[in-house]
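Q: coords please:
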Amino acid sequence: MRSLIIRWVIVAAALILTAYIVPGITVEGNGFIVVFGMAVVLGFVNAFIKPLLTFLSCGFIVLTLGLFLLVVNAVSLWLASWMAQNWFGLGFVVDGFWPAFWGSILISVISFMLSLFIKGDKK
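A: All right, here's what the predicted structure looks like:
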């Protein structure tokens, strides 16, 4: 349970930094509530919808030697933003594909870098 909360906070921190750095990604309203809510929605999309997108686009992924996964990540972030806005009323706005593309790369890099500082279960 502690590990799940730590990962959630790491993704929220990555979302905050991404919204600050990438033009076209904005946070409207109460920032911390929006970002932590978006972290939950993004976790849901990554757990349930992204595997389906990856499966459906496996031909493109093989054809592009895995580079199409960047597009899948961008679409996942864009979809999570849309869900957060329309279903939950959260103000995490991704204005288009390119902000989603660069934002998904930045979220991945920041999450990875922050995860290096967390002591995990090393068995």
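Q: Please count neighbours and contacts with C-alpha atoms only from this point.
A: Noted.
Q: Any buried residues in stretch 25-33, and which?
A: Going by neighbour count (16 or more other CA atoms under 10 Å), the buried part of stretch 25-33 is Ile25, Thr26, Val27.
Q: Got the phi and psi for the second one?
A: Spelled out, that is Thr26. The phi/psi pair for Thr26 (degrees, to the nearest 10) reads phi -130, psi 160.
Q: Would you agree it is in contact with Ala19?
A: Yes: using CA atoms under 8 Å, Thr26 makes contact with Ala19 at a distance of 5.4 Å.
Q: okay, the buried residues of stretch 25-33 in a markdown table with pLDDT next?
A: Listed next are the buried residues of stretch 25-33 as a markdown table, based on pLDDT from 0 to 100:
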| residue | pLDDT |
| --- | --- |
| Ile25 | 95 |
| Thr26 | 95 |
| Val27 | 94 |
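Q: Pick the one among these closest to Ala100.
A: Comparing those against Ala100 with CA to CA picks out Ile25 as the nearest, at 7.8 Å.
Q: Who are the contact partners of the closest one?
A: Contact analysis of Ile25 by CA atoms under 8 Å, 6 or more residues apart in numbering lists Thr18, Ala19, Phe92, Val93, Val94, Asp95, Pro99, Ala100, Gly103.
Q: Buried ones from these, can you make that a PyMOL selection?
A: Buried subset of those, written as a PyMOL selection, criterion 16+ other CA under 10 Å:
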select buried, resi 18+19+92+93+94+99+100+103
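Q: Could you list which of the contacts of Ile25 belong to helices?
A: Those of the contacts of Ile25 mapping onto helices are Thr18, Ala19, Pro99, Ala100, Gly103, per DSSP state H.
Q: Export those residues to TSV and append columns for pLDDT.
A: Shown next, in TSV, are those (pLDDT from 0 to 100):
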residue	pLDDT
Thr18	96
Ala19	94
Pro99	97
Ala100	97
Gly103	96
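Q: ok, now which ones touch Gly43?
A: If you count contacts by CA under 8 Å, 6+ apart, Gly43 has none.
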